[in-house]
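# 3D, please:
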Amino acid sequence: MSTTAATLDRTFAALADPTRRAILARLATGKATVTELAAPFAMSQPAISKHLKVLERAGLITRGREAQWRPAALEAEPLHEAADWLEQYRQLWEERLDRLDAYLREIQGKDTSNTELEGGS
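Just a heads-up that it's a prediction; the model follows:
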């Protein structure tokens, strides 16, 4: 498995959980401690720590040490890689939908022509 594939696997696995997505959304506003990250959730700090470990292994956060506290910070690069990977599929679906739209317009145009011919006789 390539490094990119492994990174994507870890990123999407980490993003699969709504608690971890909420933690990332909070960290998008700035660094936070485990206590601060645990506050909005009905779960223990050890449970939040487990989520943080998954996010850290995926490269989505880093944890540092500043005086007495260990803040977590968002690392956006894996999200950027995931967005790049998804972009190719967005383009594929847009092209398919554009073709479908053109086909439907063509059919509607033929129906209008047939209706006009029938009404004119």
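
# packing partners for the helix or strand hosting residue 91?
Here residue 91 is covered by helix 77-119, with elements defined by DSSP states H and E. Packing partners of helix 77-119 (3 or more CB pairs under 8 Å, 6 or more residues apart in numbering; DSSP states H and E): helix 3-15. Backbone N, C-alpha and C define where each C-beta goes, glycine included.

# quick check: angle from the helix it packs on to helix 77-119?
In terms of direction (axes from the mean of the first three to the mean of the last three CA atoms, to 10 degrees), helix 3-15 departs from helix 77-119 by 80 degrees.

# helices or strands next to helix 3-15 in the packing?
If you count contacts as 3+ CB pairs under 8 Å, 6+ apart, helix 3-15 packs onto helix 18-27, helix 45-57, helix 77-119.

# in the second one, what's buried?
By neighbour count, and taking 16 or more other CB atoms under 10 Å as the criterion, the buried residues in helix 45-57 are 48, 51, 52, 54, 55, 56.

# between those residues, which sits nearest residue 10?
residue 54 (8.6 Å; CB to CB).

# wait, the closest one sits on residue 23?
No: using CB atoms under 8 Å, residue 54 makes no contact with residue 23, being 9.8 Å away.

# give the rounded mean pLDDT of the helix holding residue 91.
The pLDDT scores in helix 77-119 average 86.

# mind listing what residue 79 touches?
Contacts for residue 79 (CB atoms under 8 Å, 6 or more residues apart in numbering) come out as 11, 24, 60.

# what about the second one, how many neighbours?
By the measure other CB atoms under 10 Å, the count of residues near residue 24 is 19.
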